[in-house]
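Q: what follows is a protein structure lacking sequence information:
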């Protein structure tokens, strides 16, 4: 497994901490997920650093790597400020950078994203940018200093799975050495397995677990699927064969007699 | 775990002071009075006001809807709330509640239906029959006929008046439970203000609005589902509506953010554009007291019983919490929500 800014993760599973019915259920979901990274939103989950400390404490007690995010930020300035706040609260240079361009679908503003990624990378942050599967944008993010890319599967919270498999495959082949994390849009474990089979390095999700009827059980389901996809990819799967047209000359028809 | 009988609190029941005059404190007092124990209520405020969480409550008595995301206890105990409030205040509106989603969020409605019970699936026409002002706006809805609502501020006033008539004394001062405990048993119902004394208690910030909109006539609480910005709107009568409520993991309760207010207002606007003409009467913020599992807890140490953690279920669960506390003091029965320290 590739490392994330020098950190080897125990499992390729990153789990969000928003929208659980209660902190107790959140804790259970984490335990059963075996996730090695918890993402946490500074803006949505608490209005200011001091007032949110109970929640931060809870996240710290999960005992996994913490990846703070800038969810809910719409401008470069907002995202940069939130990143600073995150570094102060959690003492980590990691930041999952989100610059939202469209309120309804929460589609990333890739122009602002590249700009913010450059600023933060120069300031010593280790940026995990939430982006689309666009190759050119990915290239500019790497150019801006990002050593991890987080392409979406589908819009946040949609549960639609991998909307552009071709795009993700292209991203994989163009950036063989950059860790790729499919972030957002997954609803079912099979979709996570599919992403891992494509050679992605990790999966990040939140809603699919937190909004499930039994979040802890769903967390485990995803953990198994992610592991399964990872193993499958490492095992070098067979290629599907198109049997619709014959591959050998029909002369003689030995097997058809 | 220590048992209630071993705690031997019976002799203390002669003098009981309740600290905090919000929904928890008033309900506990009411239940004690019914057991012929006349408590004293100590609160910092002379009247219930914006500092209390209860002041900003939605007043929905909707146990079935809560099943969507809450623990089973909330549903089980919540089912008794409407009757309790009706018996003690006579202010309960038994009109059911309605759950709706915009057409593109139908998946959320299906999820809600799957996780709850005691509803009827309504089509466009049936929704209009119930709420004519929502005509042709929603294709489907869920109607929970057994649910009810009340106006929280009126209900608390009614409880207080009744308690005064029964001889309950209200003392307005700032006091620490330890000081009061020197004179007898203390029931600490301070909600989030008890945070320094209650391990594991945290605040969950809520923001809400009160609007006047005579152009819109709604009879019952409406929940509008949305993947990120769920809204409820509760009619208070006379064209007044309560809109709520955000849920933010934060103990701050000084201010509502522009974003939250915008989100609440745009959801109301989506429900019926006539809300665009509404007057904003109040913008409220509070910090709901909650434990790790978002369920209430009763703890007891020495002369102090702590009853807290009603979270966003103040009016729904306070009657049950109060009964448990009162039975504990009166009979020594171990409360369902008891937590040994």
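A: Nice, I can see it. As the structure is a computational prediction, the values presented were derived from the model and not from experiment.
Q: residue B:153 against residue B:48, yeah?
A: Yes. Under the criterion of CB atoms under 8 Å, residue B:153 is in contact with residue B:48, at a separation of 7.0 Å. From N, CA and C alone the C-beta is placed, and that goes for glycine too.
Q: identify the contacts common to the two.
A: Counting by CB atoms under 8 Å, 6 or more residues apart in numbering or on different chains, the common neighbours of residue B:153 and residue B:48 are residue B:55.
Q: higher neighbour count, these two?
A: Higher neighbour count among residue B:153 and residue B:48: residue B:48, with 21 against 17, using other CB atoms under 10 Å in any protein chain shown.
Q: up against chain A, what does the stretch 1-150 of chain B have?
A: Proximity of the stretch 1-150 of chain B to chain A, by CB under 8 Å from any CB of the partner chain, involves residues B:69-71, B:111, B:114-115.
Q: what's around the closest residue to residue B:192 other than its chain neighbours, how many residues?
A: Residue nearest to residue B:192 in three dimensions, not counting chain neighbours: residue B:289, with 4.3 Å by CB to CB, 6 or more residues apart in numbering or on different chains. The tally of other residues near residue B:289 (other CB under 10 Å) stands at 27.
Q: next SSE downstream of the helix or strand harbouring residue B:289?
A: In this assignment (DSSP states H and E), residue B:289 forms part of strand B:279-290. With elements assigned by DSSP H and E, the helix or strand that comes after strand B:279-290 is strand B:297-301.
Q: tell me the secondary structure at the residue in the stretch 151-257 of chain A positioned nearest to chain B.
A: Here the residue of the stretch 151-257 of chain A nearest chain B is residue A:157; by CB to the nearest CB that distance is 5.0 Å. Following DSSP: H, G, I helix; E, B strand; the rest coil, residue A:157 is assigned to coil.
Q: contacting residues for it?
A: Here residue A:157 is in contact with A:106, A:184, A:207, B:227-228 (criterion: CB under 8 Å, 6+ apart).
Q: now do residue B:283
A: By CB under 8 Å, 6+ apart, residue B:283 lies in contact with B:207-210, B:256, B:261.
Q: ranking the residues you listed by neighbours, who comes first?
A: Compared across the contacts of residue B:283, residue B:207 has the highest neighbour count, 25 neighbours, by other CB under 10 Å.
Q: for the strand holding residue B:289, what is the average pLDDT?
A: Across strand B:279-290, the average pLDDT comes to 92.
Q: ok, back up a step: the residue nearest to residue B:192 contacts residue B:191, doesn't it?
A: Yes. If you go by CB under 8 Å, residue B:289 and residue B:191 touch, sitting 4.5 Å apart.
Q: return the subset of the contacts of residue A:157 lying in helices.
A: Within the contacts of residue A:157, residues falling in helices by DSSP state H are residue A:207.
Q: pull out the buried members of the contacts of residue A:157.
A: A:106, A:184, A:207, B:227 (16 or more other CB atoms under 10 Å in any protein chain shown).
Q: TSV please, covering these and showing pLDDT and distance to residue B:25.
A: Converted to TSV, these look like this (pLDDT from 0 to 100; distance: CB to CB, whole Å):
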residue	pLDDT	distance to residue B:25
A:106	86	42
A:184	89	45
A:207	91	38
B:227	79	37
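Q: what's the farthest-apart pair in the residues you listed?
A: Pairwise distances across these peak at 12.6 Å for A:184 and B:227 (criterion: CB to CB).
Q: my read is that residue B:195 contacts residue B:288, right?
A: No. Using CB under 8 Å, residue B:195 is not in contact with residue B:288; the gap is 11.6 Å.
Q: now do the shared contacts for these two.
A: residue B:203.
Q: what secondary structure does the closest residue to residue A:26 other than its chain neighbours sit in?
A: Leaving aside its sequence neighbours, residue A:26 sits nearest to residue A:20 (CB to CB, 6+ apart; 4.0 Å). Assigned state for residue A:20: coil (three-state reduction, three-state DSSP).
Q: list the contacts of residue A:20.
A: Here residue A:20 is in contact with A:26, A:29, A:210, A:215 (criterion: CB under 8 Å, 6+ apart).
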